[in-house]
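Peer 1: Curious how this folds, go ahead:
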Amino acid sequence: MQRRRGLPPIQPQVLIPSLLCTHALRSVAEGAMTTPSILKPVSTPANEIFHLSLFVLLITGAIFVVVAGLLVFVIIRFHERRGDAEHEPAQIYGSAQVELAWTVIPVLIVVVLFLTTARVIFAIQDAPEPKSALDVTVIGHQFWWEFRYPGLGIVTANELHVPVSTQQRPEPTYLRLLSADVDHSFWVPQLGGKTDLIPNHPNEMWIDPLKTGLYRGQCAQFCGVEHALMLIRVYVDTPQQFDEWVKNQQQPGVQDSAVAVGRHIFETEACMNCHTIEGTSAHGTFGPDLTHLMSRATIAAGAATNTPDNLRAWIQNPNTFKPGALMPAMQLSDQETDEVVAYLTTLH
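Peer 2: Here you go, the predicted structure:
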């Protein structure tokens, strides 16, 4: 079935990602600044889902109170008393009124929940894309995220930058979701419901962040051994900050003659087969684009802070941060590793 442009059907109960274990709860870059939570929505789709969940909770809570109250009443009112064994209680073999009530009331509750949920799903799914919207293509890889801005000519990884959307300047972001290998799921709880990335089946969603800041998420569909550390960082910038970020990302990679040795090693080893650095002969697409590597706060899809020491450890043995990562250990000498790290740290 062809989907309209907008957010695909979302389950109102946004659950913890499958197989989220203690391995995923280890501290990541910049510490635990904020914990991702559906209870603090800052985007229209997330707000709609949050209010729907409150409505469902109210109804189901009321059902629980009524059922539990009746059960307690029956236990207290009709518990066995002295002498009860000598008298057989009144035998009631049916009640049309009771049977009608426990049939009609649940049906009405289900209808109300269905209509309310359908209204929210279609309100999000069928939302028209305004001309001011930002288009971003999201590609899920094992185990990192690729972000492409087709209208801006930008390719980056793991850290998504979008402008804040206000009533005075509405700028929603429409995400086209693709997978390069297996099933993934894009989930940033405070911005929207989780939406799957399925091979050969493009999917879509949209967000309109109403507040600047950093919002964390992760892949919410088990996709392999390092699924738990396939993290997402969404930076919601002011218009000025976003324009500055775009201007920087559109620049070619800085080529410093002082690190020419490191660049030569990068371009003659297997690095260039997997990574791209604009302005060089490296045009690989299997790994993240490194043209502006040092503009990112993290490496390894959020598994570690982006520092020279961590870069060095990552190049020497990626399993240091992500056991099961698909990037191989490069088997460079200590001097060669130092030269490559010195080169990479110039890529702002």
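
Peer 1: Bridged to residue 207, which residues?
Peer 2: residue 173 (DSSP bridges).

Peer 1: Which elements pack onto the lengthiest helix in the chain?
Peer 2: Counting residues, the longest helix found in the chain (DSSP state H) is helix 44-77. Using 3 or more CB pairs under 8 Å, 6 or more residues apart in numbering; DSSP states H and E as the contact test, the elements touching helix 44-77 are helix 96-125, strand 203-207. For glycine as for every other residue, the C-beta is placed from the backbone atoms N, C-alpha and C.

Peer 1: Let me know which of those is tucked in deepest.
Peer 2: Highest mean neighbour count of these: strand 203-207, a mean of 22 (counted as mean count of other CB atoms under 10 Å).

Peer 1: now that one and helix 96-125, what's the angle there?
Peer 2: Here the directions of strand 203-207 and helix 96-125 differ by 90 degrees (axes from the mean of the first three to the mean of the last three CA atoms, to 10 degrees).

Peer 1: residues in contact with strand 203-207?
Peer 2: 3, 5-8, 43-46, 124, 127, 129, 133, 162, 172-178, 186, 188, 191-193, 195-197 (CB atoms under 8 Å, 6 or more residues apart in numbering).

Peer 1: before we move on, the earlier item: quick check: mean pLDDT across the longest helix of the chain?
Peer 2: For helix 44-77, mean pLDDT rounds to 95.

Peer 1: rewinding a little: mean pLDDT and distance to residue 258 added to the helices and strands packed on helix 44-77, as JSON lines?
Peer 2: Output for those, formatted as JSON lines (pLDDT from 0 to 100; distance: least, CB to CB, whole Å):
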{"stretch": "helix 96-125", "mean pLDDT": "93", "distance to residue 258": "51"}
{"stretch": "strand 203-207", "mean pLDDT": "95", "distance to residue 258": "41"}
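
Peer 1: ok, how many other residues are close to the closest residue to residue 283 other than its chain neighbours?
Peer 2: With sequence-adjacent residues excluded and distances taken as CB to CB, 6 or more residues apart in numbering, residue 283 is closest to residue 276, at 5.2 Å. Neighbour count for residue 276, taken as other CB atoms under 10 Å: 18.

Peer 1: show me where this protein has strands.
Peer 2: Assigned by DSSP state E, the strands in the chain fall at 134-141, 144-149, 154-157, 159-163, 173-179, 184-187, 195-197, 203-207, 213-219, 231-237, 298-299, 304-305.

Peer 1: Taking their axis directions, the longest one and strand 173-179 sit at what angle?
Peer 2: By that I understand strand 134-141. 20 degrees.

Peer 1: Would you tell me which one of the strands of the chain is buried the most?
Peer 2: Stretch with highest mean neighbour count among the strands of the chain: strand 184-187 (a mean of 26; mean count of other CB under 10 Å).

Peer 1: neighbouring contacts of that one?
Peer 2: Contacts of strand 184-187 (CB under 8 Å, 6+ apart): 14, 17, 138, 140, 175, 177, 193-197, 205, 217-221, 223, 230, 232.

Peer 1: so which of the helices and strands packed on helix 44-77 comes closest to residue 332?
Peer 2: Closest to residue 332 of those is strand 203-207 (CB to CB; 39.2 Å).

Peer 1: Check the offset of the closest one from the chain's centre.
Peer 2: 12 Å (CA atoms, centre = their mean, to the nearest Å).

Peer 1: All further residue positions should be reported with the first residue as 27.
Peer 2: Okay, using 27 as the starting number, the last item reads as strand 229-233.

Peer 1: now that strand and strand 257-263, what's the angle there?
Peer 2: Using the same axes, to 10 degrees: strand 229-233 against strand 257-263 is 40 degrees.

Peer 1: Strand 229-233 to strand 185-189, inter-axis angle?
Peer 2: Taking the same axes, to 10 degrees, one finds strand 229-233 and strand 185-189 inclined to each other by 50 degrees.

Peer 1: What separation is there between residue 84 and residue 353?
Peer 2: 48 Å (CB to CB, to the nearest Å).

Peer 1: circling back: as TSV, the helices and strands packed on helix 70-103 with distance to residue 113 would be great.
Peer 2: Converted to TSV, the helices and strands packed on helix 70-103 look like this (distance: least, CB to CB, whole Å):
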stretch	distance to residue 113
helix 122-151	24
strand 229-233	65
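
Peer 1: what bridges to the nearest residue to residue 265 once chain neighbours are set aside?
Peer 2: Spatially, and ignoring its direct neighbours in sequence, residue 265 is nearest to residue 189 (5.6 Å; CB to CB, 6+ apart). Residue 189 has the following beta-bridge partners by DSSP bridges: residue 263.

Peer 1: Quick one, which of the strands of the chain gets closest to residue 316.
Peer 2: Ranking those by their distance to residue 316 (criterion: CB to CB) puts strand 180-183 first, at 8.4 Å.
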